[in-house]
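# Okay, sequence plus prediction incoming.
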Amino acid sequence: MPVRGGRLRMPRIRSISLRNFSLFSKQPNLDLTFGDGVFCLAGANGLGKSTFLATVAYAVTGIVPPLKAKRGFTTVKEYYKSNLKSAPSFFRGRIAPQDMKDALVTVEFVAGPSAYVVTRGFARSNELIGLEIRDSADCVILDTSEWEPKKRHSEYSHRVAADVGLAAFEQLVFLEHMVLAFDERRHLLFWDDRAIEQALYMAFGVDPRHAQAADDLRKEISKHDSLARSTDWEASKLRTQRNSIAANAQGASEEDTAGDALAEYRSLSEHLEEGQDTVSRLLDEVQAKELDFARTSAEYTTLRQEYSEAFSALAQGSPVLAHHPLVRTSLSESRCGLCGTSDAGIADRIRERVGAAECPLCGSRLHGDEPDAKAARRLKQIDRKLAEVQRKVDALGQLRQELRGDLSTAEEALLQAREGLATFEKTYGRPRSDDDSDPLEALLRRYDEQIRELERTKDRYNAVKRQKLRELRPLQQALQRRYSEAEREFVPVFQKLASLFLGLDLGIKMKHREPGVGLILTVSGSERRQLDQLSESQRFFLDIALRMALAQYFSADDSKAQLLIDTPEGSLDIAYESNAGEMLAEFARTGHSIIMSANINTSALLRSLAEKCTSRQMTLCRMTPWAELSEVQKQHERDFDGAYGRIERQLARRRR
Amino acid sequence: MRPGVNPYACYDTLFVISRTQQVMGNAMAGEVHLLAYLACLLSMYRGRAASDWGYWFIRSPYGAPYSSDIDRAVESMQANGWIGGVDRHLTLSSAGGLMLETLSQLGQNGPRKGPLDAACASILSVPMGIVRTAVSMEPELRNAEALSLDRTLLDEPEIPVPLHDQFEALRRALGIRVADLMVPAVVWLSYLSRVAQEEMGMQEPLTP
Amino acid sequence: MNVNLDEMVELARSQAETMVATAFDEQGIEALKSVYLGVRNLYKCHSPELLSHPLVVFRPVAYGEKPIDQSEAIRITDLRQLRPCLRVPCCVQVLDSTRMLVWSPYEVNVSELSRSAVVYTYDGREEYVWAKEDFRKLRNPLPQHASVLAIPSFDSLHHALGSYRDCSARLCSCPILSLVWYDPDTRLFLMSRPKPNRPEDIIRRSLYWSLNVTLREIATVLQEQNVDETHPVDIRVIYKFQDHQALIEIKWLGNTRAPDGRIVLRYGAAMARKGARQLAGYLDRYARSVPNTEVRGYLTVIDARRRGLNSASNSISKAKGMHYENSEITYAPEYHTQRDDFDTPMRMFIEPVCDP
């Protein structure tokens, strides 16, 4: 099914060259080309497969995708900034010191209308040793041979982002690392709300600047929230100290009857104290009303249950006699359902009694078609109670709302009182009494000033945070709108891939989670946030399926995506390994390509992949010749050769 | 009647059968689900949350919208004799009619009457097939059907953005606030039906 | 799906309900509901097809209002009693769904009446609702039926097809179907056009739309559904809450003509038999792919055969035009007698417009 909506033209790597890359001790100079379909680098443990893929990503972005960081993903800009200097230390352990200066990686790729040849060293991330850009007619459009490395990198980052269709280079790095590259040691996209939200903006948003705006706003919200909390904690600490000092002191400071300035100062201070008392009181009231509201809501819920039970009782007490099973059977068979007597007249007799609203068994008078009066009364009683409690709930809800409004006003007034006092102190200085010999009073005043200042600062941070949240809301609504339109194209793509692997009826749904949005996986219609029945390896492949679906969706039709996959090493049973191969093959069949690494031991996956791909669609690259094998590995070299051979023969069979 | 039958679903079922019976002679089970769902949507148009409706609807592979509560209500009330009829044609018995009257007096059912009445009134001038086609274009249901995904409909705490957009447009298009929901119901159904026709490749004018 | 606000505004403006609400508020809507229900019940007893005179049905908005002197009205408690009244222009006030007041014969000033009442008028398949001297036309999604308030509904597909045969196909009353002709004034030849406007495409759309509107208790009607990778059946009906589906195969018989006048195709009874074989094949394939679902096949044959047509034909005598009117097609094998899942094929003859 053709996937519309794609407008991004992510880099599609054609070749990579390594020079003096000492990790691959037997082949430090490598040249590899990547065609369409699957390029699979297969090797034993520890040969450097993950390093190879990390180097490919580094070549394009200048950053090595970090392993699981303690902090987790926050914003796109933050991700870029905090990992900018990661590469040198990563490669230092992998390239011998004597080779570091001369080690190079050159990558050729197409992005949008342009073809890039980018050469980097491994010592500095934001410098390019070489940069060449050609247009679609293969003419050089930028000659940077005389440029400084930093300038080359700067120019590269602007141009490639524009060619791809993104607003900033950081976004390209995010997509390359977090969506188009998979490594089990890093965060899973599906279960990382912040990262998936950014991915959704870029995949489904109309304008990449919206994604950037949302990213900036999230960063600001996060920052101001953090600042407000730490300021609050500071103020709290000071308050504790101040109260402790005041409690230990004996007597209060005497009324200072000095001049007008002092009187005004005292008035402002009192005003402030009143404000604090009001806020404190209102906070208590709000809390109390919350409790009342919760209690009354619980009463309402209980009454609803009673209503249901009373309704059932009404229904049970009001059967239409003709429909009683005994009566029905008796009528249809002309045989008494109780004593078994068979008689042509039985049906008529029963009908006569039922018609006369008389029980055919005991002769009691019945209420006919009308509902059971007693049960109806009880139901009405509960209905009235429900209406009353509903009114209480509504009234409490209203009151709660009003109190919150009052609290907000009081907090505003408190802020103004604090500012008034601060302005006074700024203009006049802090008035001192004639007898300024009370050091305790002075100390307490200094504490108070600092606390007030901190609280003012906290209020300002919270105000900014609230403002940013308000600005973020329309962007989120726009994203939800776009997702709703795109869902019918995007979800089937994911479903197809995921069900190839897992064989379950899977779906995904966008969910609103304050303050952002995320994705929920559904299995046969029910939501599974945790998916605890799935193994870790199964979760990894689902995450790969999601990335594939996103990549398929956001890639322009004339510019298919390319995924870097470091195949999970963990245990999948053979059936799932085979399914995983099918899933990867399906992705490649749709015109997208994969550069992947796989352990030669995960042969069921590779065999399945080779089976589904032709040799035109899959290239197997043996990694064992690149580096020294361990002693144990050398002993099993034959087994490796055997495993390679089986897969190569599978590919050759497909060619025929 | 089985314990645990949802009283709101029972009321809605009796109401819808009663009104549909007046127009078409009887009601079919699928029509009860359909019109109850439309009523729920109309109550959301008025500003109430879907969770206030009292029970949920899903998209299932056997038809949508579907509510298991309505299904149980129909089954229970057939066993109880409040609903009669043959095959899948449902009618209200006289006992069912009396029960509907009793339940209509309850405050709990007060807020539902307007939306139910409007949903049922729409079939007076809009053929049932058009109502069905139009409701299938409601954004939540439409996406669920297109994806063949079994999912609960309208289960988020806030009204879904696409539905909210449609209701906002409807309010602006009407320009007047009419207490009777039949007016927005019929306009909305006509609009959704047009969208459906365009998608089906049926170009206007179908009317002379 | 982006909302087209302009379209919604246009629909709101043109809808009778909006007009009535603007004119009379809630009371007006209540009156409108009564009028609609009254008219629907009236049409159940007296088909609007047979009305030869304008019909006016109204309900006053305010309780107790009497816009027309009731002393000359006839009180009706059984709608069948209306029959003689409807033979002349008359005016009906709805009291409730089965009781009415009738003034007959009576010519009423509708505009004036609408100052205090919601009024419905029917005249020659055109229907309007009036309120406070303003009016709106009622839209009919199936104009082959005389009134939107009298569109039939069926839970049996067989009956729905029968209704299509009688109301839409016979006199080619369906506006979609009417686009199939090379010569719409005489209906001798079907027009030869490429996809998606070949005769079979237009016929399928016409039948599909009719079924979509008139069938009850279905989940959905779908056009051109793949039974397997290569064989689409024309229409598939999926029933709601039942594991039951219907496959409809459509064949047309007759002659097509290209815009340049060439006769392109001549399909006779053999095409119908081919359709029967195809449908039997689809049913077998479908049964294999969804073994637990009950599937029934319906062969619908649109018969536009005329006798003695050639490239010079631009009119036809009654004898030749109606030659195939009752010419039923024999099938061998008779799938409908041999299989449980094959409904009796339904032939729908479309009458040409013959010379007087």
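Right, received. Where do you want to start?
# Next, count neighbours for residue 336.
All of this is about chain A. Neighbour count for residue A:336, taken as other C-beta atoms under 10 Å in any protein chain shown: 19. For glycine as for every other residue, the C-beta is placed from the backbone atoms N, C-alpha and C.
# ah, no, chain C please
With neighbours defined by other C-beta under 10 Å, the count for residue C:336 comes to 19.
# tell me the contacts of it?
Residues in contact with residue C:336, defined by C-beta atoms under 8 Å, 6 or more residues apart in numbering or on different chains, are C:342-345.
# Could I get the phi/psi values of the closest residue in space to residue A:386 that isn't next to it in sequence?
Among residues not flanking residue A:386 along the chain, residue A:303 sits closest, at 5.0 Å (C-beta to C-beta, 6 or more residues apart in numbering or on different chains). For residue A:303, the backbone dihedrals (degrees, to the nearest 10) come out as phi -60, psi -40.
# likewise residue A:135?
Backbone torsions of residue A:135, given as degrees, to the nearest 10, read phi -90, psi -170.
# For residue A:177, see how far away it is.
Separation of residue A:135 from residue A:177 (C-beta to C-beta, to the nearest Å): 28 Å.
# still on that earlier bit, wait, what's in contact with the residue nearest to residue A:386?
Neighbouring residues of residue A:303 by C-beta under 8 Å, 6+ apart: A:382, A:385-386, A:389.
# try 6 Å this time
A:385-386, A:389 (C-beta atoms under 6 Å, 6 or more residues apart in numbering or on different chains).
# Next, format those as CSV and append distance to residue A:637 and pLDDT.
As requested, the contacts of residue A:303 are exported to CSV (distance: C-beta to C-beta, whole Å; pLDDT from 0 to 100):
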residue, distance to residue A:637, pLDDT
A:385, 83, 92
A:386, 79, 91
A:389, 79, 91
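# Which ones among those residues lie within helices?
Within the contacts of residue A:303, residues falling in helices by DSSP state H are A:385-386, A:389.
# which one of the residues you listed is nearest residue A:471?
Ranked by distance to residue A:471 (C-beta to C-beta), those are led by residue A:389 at 39.7 Å.
# How about the stretch 201-350 of chain A: which residue is closest to chain B?
residue A:320 (2.8 Å; C-beta to the nearest C-beta).
# Skipping adjacent residues, who's closest to that residue in space?
residue B:81 (2.8 Å).
# Residue A:385 now?
Using C-beta to C-beta, 6+ apart, the closest residue to residue A:385 is residue A:303 (5.9 Å).
# how far away is the one you found from residue A:313?
Going from residue A:303 to residue A:313 by C-beta to C-beta gives 15 Å.
# can you check residue A:272 too?
On the measure of C-beta to C-beta, residue A:272 and residue A:313 end up 61 Å apart.
# again with residue C:234
According to C-beta to C-beta, residue C:234 and residue A:313 sit 54 Å apart.
# Residue of chain B closest to chain A, please.
For chain B, C-beta to the nearest C-beta, closest residue to chain A: residue B:81, 2.8 Å.
# which outside residues touch stretch C:255-272?
Residues contacting stretch C:255-272 (C-beta under 6 Å, 6+ apart): C:182, C:189-190, C:192, C:251, C:253, C:301, C:309, C:311, C:329.
# Could you single out the nearest of those to residue A:620?
For these, the residue nearest residue A:620 by C-beta to C-beta is residue C:251; the value is 54.1 Å.
# State whether residue C:291 is indeed within a helix.
No: applying DSSP: H, G, I helix; E, B strand; the rest coil, one finds residue C:291 to be coil, outside a helix.
# That one: neighbouring residues, count only.
Residue C:291 has 8 neighbours, counted by other C-beta under 10 Å.
# How confident was the prediction at it?
We have a pLDDT of 78 for residue C:291.
# With residue A:433 instead?
Per-residue confidence (pLDDT) for residue A:433: 53.
# mind listing what residue C:220 touches?
Applying C-beta under 6 Å, 6+ apart, we find residue C:220 in contact with residue C:238.
# Over to it. Which of the three states is it?
Following three-state DSSP, we place residue C:220 in the strand state.
# what about it, distance to residue B:146?
Plainly put, residue C:220 is 12 Å away from residue B:146 if you go by C-beta to C-beta.
# now do residue A:481
From residue A:481 across to residue B:146, the span is 16 Å (C-beta to C-beta).
# if we can go back for a sec, between residue C:234 and residue A:313, which one's more packed in?
Counted by other C-beta under 10 Å, residue C:234 and residue A:313 do not tie: residue C:234 has more neighbours, with 24 against 18.
# what's the closest residue to the more buried one other than its chain neighbours sitting at in phi/psi?
Take residue C:234 and drop its neighbours on the chain: the residue closest to it by C-beta to C-beta, 6+ apart is residue C:250, 4.5 Å away. Phi and psi for residue C:250, reported as degrees, to the nearest 10, are phi -110, psi 130.
# and residue C:250, what is it in contact with?
C:203-204, C:234, C:300.
# do that again at 7 Å, thanks
Each residue near residue C:250 by C-beta atoms under 7 Å, 6 or more residues apart in numbering or on different chains is listed here: C:200, C:203-204, C:207, C:234, C:300, C:302.
# Now, of the residues you listed, which are buried?
The neighbour-count test (16 or more other C-beta atoms under 10 Å in any protein chain shown) marks C:200, C:203-204, C:207, C:234, C:300, C:302 as buried among the contacts of residue C:250.
# Residue A:457 contacts residue A:231, correct?
Yes: between residue A:457 and residue A:231 a contact is recorded at 5.1 Å, counting by C-beta atoms under 7 Å.
# Can you pull out the low-pLDDT segments for chain B?
Counting by pLDDT under 70, the ranges of chain B that qualify are B:1-3, B:203-208.
# so where do the helices sit in it?
B:7-24, B:29-45, B:68-80, B:94-104, B:110-125, B:128-135, B:139-146, B:161-174, B:182-200.
# Take these and lay them out in CSV including mean neighbour count.
Formatted as CSV, the helices of chain B follow (neighbours: other C-beta atoms under 10 Å in any protein chain shown):
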stretch, mean neighbour count
helix B:7-24, 24
helix B:29-45, 25
helix B:68-80, 21
helix B:94-104, 19
helix B:110-125, 22
helix B:128-135, 24
helix B:139-146, 21
helix B:161-174, 19
helix B:182-200, 22
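# Adding distance to residue A:498, write these out as a markdown table.
Compiled in a markdown table, these are given as follows (distance: least, C-beta to C-beta, whole Å):
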| stretch | distance to residue A:498 |
| --- | --- |
| helix B:7-24 | 35 |
| helix B:29-45 | 30 |
| helix B:68-80 | 27 |
| helix B:94-104 | 46 |
| helix B:110-125 | 38 |
| helix B:128-135 | 30 |
| helix B:139-146 | 18 |
| helix B:161-174 | 25 |
| helix B:182-200 | 28 |
